[in-house]
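[1] okay, structure incoming, though there's no sequence with it:
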């Protein structure tokens, strides 16, 4: 298993503009790289909350013995109710929230999680293996059209390619038990003209199925809504995304929270009405050095907004 490297770590810390006595939320604890770095910048009055629905992430969080640290095993879509009032959890309590979206390297590297097309494992793909529907169950409970739709919309494959892959998978779905079996079916169905160098033909289908199994876009929307409610005025929302659909959702969310521009003839300090967030440019991308150290981070994008 490869060592876990937190993506855009220093850039995330800079974006959060951490104050020593601030209260922060790591909405995607993972293996704790971002959380430990945030804790290192807090004084005795600071506080860090963290959530993750992954059991291994919860076990890692349990190893942090720090009175300033609070953890809840829950999807980040539930952060509004993740902690109690006795723990200080309330509207406007946070100075910053960080999301690091998508699947982590340790999850990809462990074959039994079922995320990787390169390692034989069960067709699982659940972020929380203790609940919900596995990828195999999803395939058995949805029709061919639904599969084609997610391969197109969540995987980004062309419509004709998505339909072809879905037809091939649907024809053998009851016999599919492992990740490598699914990867072979997808690779055989993919027209050779759509093959790309150094890019497995099953990559986007696996991504689509994982996102559907875990309702990832729905979780992001619910998490962002709750995060804005939890931020105090001047608090920072920082989001790292890897997939075009995730990034587009984050952009739309921030844009909607920026309100509407006022006509030029109406005097105003802000120039906008119903504005909740202010986007902070530019979008941060990994450096060539980052990508060389961790090729999986090549598509990462860090967006920042400040609550007014």
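    The structure has been received and is ready for your questions. Small disclaimer: the values here were computed from a predicted structure and weren't measured.
[2] do I have it right that residue 93 meets residue 232?
    Yes: here residue 93 lies in contact with residue 232, judged by C-beta atoms under 8 Å, at a distance of 6.9 Å. Quick note: C-beta positions are derived from backbone N, CA and C, even for glycine.
[3] what about the two, which has more around it?
    Taking other C-beta atoms under 10 Å, residue 93 and residue 232 do not tie; residue 93 has more neighbours (18 against 14).
[4] for the stretch 151-300 of the chain, which segments count as helices?
    159-172, 179-189, 203-213, 216-230, 244-257, 288-293 (DSSP state H, counting those that start in this stretch).
[5] I'd like to know which elements the fifth one is packed against.
    In this case it means helix 244-257. helix 216-230, strand 231-241, strand 277-284, strand 301-307 (3 or more C-beta pairs under 8 Å, 6 or more residues apart in numbering; DSSP states H and E).
[6] for that helix, what is the distance to the chain centroid?
    13 Å (C-alpha atoms, centre = their mean, to the nearest Å).
[7] which residues are in contact with that helix?
    101-102, 153-154, 156, 211, 216-217, 220-221, 224, 228, 237, 239, 241, 275-277, 279, 301, 303, 305 (C-beta atoms under 8 Å, 6 or more residues apart in numbering).
[8] for PyMOL, what selects the buried ones among these?
    Entered in PyMOL, the line below selects the buried ones among the contacts of helix 244-257, by 16 or more other C-beta atoms under 10 Å:
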select buried, resi 101+102+153+154+156+211+216+217+220+221+224+228+237+239+241+275+276+277+301+303+305
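[9] and the residue positioned nearest the centre of the chain, how far from residue 253?
    The centre of the chain sits closest to residue 101, judged by C-alpha atoms, centre = their mean, with a distance of 1.6 Å. In this view, residue 101 and residue 253 are 12 Å apart by C-beta to C-beta, to the nearest Å.
[10] go on, residue 275?
    14 Å.
[11] and if you look at residue 191?
    Residue 191 is 35 Å from residue 253, by C-beta to C-beta.
[12] neighbour count winner among those two?
    residue 253 (21 against 12).
[13] gap between residue 83 and residue 136?
    Where residue 136 is concerned, residue 83 sits at a distance of 34 Å (C-beta to C-beta).
[14] now for the strand or helix carrying residue 146, which elements pack on it?
    Assigned by DSSP states H and E, residue 146 falls within helix 144-153. Applying 3+ C-beta pairs under 8 Å, 6+ apart, we find helix 144-153 packed against helix 159-172, helix 203-213.
[15] buried set for that helix?
    Quick answer for helix 144-153 (16+ other C-beta under 10 Å): 147, 148, 149, 150, 151, 152, 153.
[16] repeat that for stretch 277-285.
    Buried-residue list, stretch 277-285, by 16+ other C-beta under 10 Å: 277, 278, 280, 284.
[17] list the contacts of the third one.
    If a contact means C-beta under 8 Å, 6+ apart, then residue 280 has 15, 304, 305, 306 as its contacts.
[18] OK, contacts around the closest residue to the last one other than its chain neighbours?
    In other words, residue 306. What sits nearest to residue 306 in space, not counting adjacent residues and going by C-beta to C-beta, 6 or more residues apart in numbering, is residue 278, at 5.1 Å. Residue 278 sits next to 258, 305, 306, 308 when contact means C-beta under 8 Å, 6+ apart.
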